[in-house]
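Engineer: Here is a sequence with its predicted model. Questions after.
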Amino acid sequence: MRRLLLLSSAFPALLSAGLALAQAPAATPAPAAPAAGTPAPATPAASTPAADPVVARVDGQEIRLSDVREAAQELPDELKNAPPAMLYPLIVDQLVAQRALVAKARAEGLQNDPEVQRRVARATDQELQQALLRREVAPALTEEALRARYARESASRRGEEEVHARHILVPTEAAANAAMAEVRKPGADFAEVARRLSTGPGSQQGGDLGFFKKSDMIPEFAEAAFALQPGQIIERPVQTPFGWHVIKVEERRTAPAASFEDSQEALRQAAFEEAVNASVERIRSAARVERFNLDGSPQRAPSLLDGATPPAPGVAPGGGAAPAPGGAQPPAAAPAQRR
């Protein structure tokens, strides 16, 4: 457990803005409940000293309960639900190690190292970008905004087509052909034949697969089933990795469109991407941008003459001979002498 904590990115300071906005709930998650028999720390108002007690000191630097709670929220999901009695000392140990390392680095002057300063500047820039985007896109991610988006898109949102089918699954093509011949006999009961012959799921229910969408089944089976109308049996058995299938479609329908609750995550993701792209484009368009070549020289604006080929020497742009210097016309060709 301790090893896992130390390897869980050491509570990274930089979190993905996309992940934070597209997946994180609006409210801050409550701390995990304490294990049975373990007294939970008091949680009065955060403004009082008792609400945020000091839990450790490292060279005089305080680590408070709020630091522990914040670190706990950055743990991987598989660790967040661990008993607090187990997590608490491990998180405190982790924070103590971090503070000790930072104090040692500062004592050795590493904060003045140019490479460290560049990395800190990049991290600061990333945090500023994320903070700005969080503020920019937040209005588009409220429940009210998502419901409005759902209503706007409801006219174009159609339910997916579904079929209700039965099948007989057998291991060989010969067995499938025999089953096919049997179900095609006048008065044959497909469900009864499936109960006797099928080796697949639902055989005791007459091979009933219920309603399913095309994407629910492997392509070979789905293509064959969705090509049938109610009451039809497939012309030839279909082979899939599971064996050979004889298929009968009982019903077809269009499933109802997904509800707002079922669509909320997809709506949130789409709204997030749209709002981020719009914000970035608007802010970038308003910025004064100067571009340079890789050698640092200014980039020249493109011209209509770029790539044009100059005329050959002595040829005017219109195709005739170029005028002589001083504006004199070139001599006319001598007339041909008569013999």
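Structural biologist: Thanks, I have it.

Engineer: mind listing the helices for the stretch 201-339 of the chain?
Structural biologist: Here the stretch 201-339 of the chain has its helices, by DSSP state H, counting those that start in this stretch, at 219-226, 260-286.

Engineer: tell me the most buried of these?
Structural biologist: Mean neighbours per residue, mean count of other CB atoms under 10 Å, is largest over those for helix 219-226, with a mean of 18. No exception for glycine: its C-beta is placed from N, CA and C like everyone else's.

Engineer: who's in contact with stretch 166-184?
Structural biologist: Residues from elsewhere that reach stretch 166-184 (CB atoms under 8 Å, 6 or more residues apart in numbering): 188, 190-191, 193-194, 197-203, 206-209, 221, 233, 236-237, 239, 242-248, 250.

Engineer: just the buried members of these?
Structural biologist: Buried residues within the contacts of stretch 166-184, counting neighbours by 16 or more other CB atoms under 10 Å: 190-191, 193-194, 197-198, 202-203, 206-209, 221, 233, 237, 243-248, 250.

Engineer: In strands, which of those residues appear?
Structural biologist: In this view, the buried ones among the contacts of stretch 166-184 that belong to strands under DSSP state E are 208-209, 243-248, 250.

Engineer: JSON lines for those, including distance to G60?
Structural biologist: Shown next, in JSON lines, are these (distance: CB to CB, whole Å):
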{"residue": "D208", "distance to G60": "73"}
{"residue": "L209", "distance to G60": "69"}
{"residue": "G243", "distance to G60": "73"}
{"residue": "W244", "distance to G60": "77"}
{"residue": "H245", "distance to G60": "74"}
{"residue": "V246", "distance to G60": "79"}
{"residue": "I247", "distance to G60": "76"}
{"residue": "K248", "distance to G60": "79"}
{"residue": "E250", "distance to G60": "77"}
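
Engineer: wouldn't G202 be in contact with L209 here?
Structural biologist: Yes. The pair G202 / L209 is scored as a contact, 6.0 Å apart, by CB atoms under 8 Å.

Engineer: Surely R64 touches A51?
Structural biologist: No. R64 is beyond contact range of A51, at 9.6 Å (criterion: CB under 8 Å).

Engineer: Nearest to L90 among the ones in strands among the buried ones among the contacts of stretch 166-184?
Structural biologist: Nearest to L90 among those is L209, at 49.0 Å by CB to CB.

Engineer: about what we covered before: identify whichever of the helices of the stretch 201-339 of the chain lies nearest to E78.
Structural biologist: With CB to CB as the criterion, E78 lies closest to helix 260-286 of the helices of the stretch 201-339 of the chain, at 21.0 Å.

Engineer: Run the chain-centre distance for the closest one.
Structural biologist: Chain-centre distance of helix 260-286: 12 Å, with CA atoms, centre = their mean, to the nearest Å.

Engineer: Right, I'll call it a day here.
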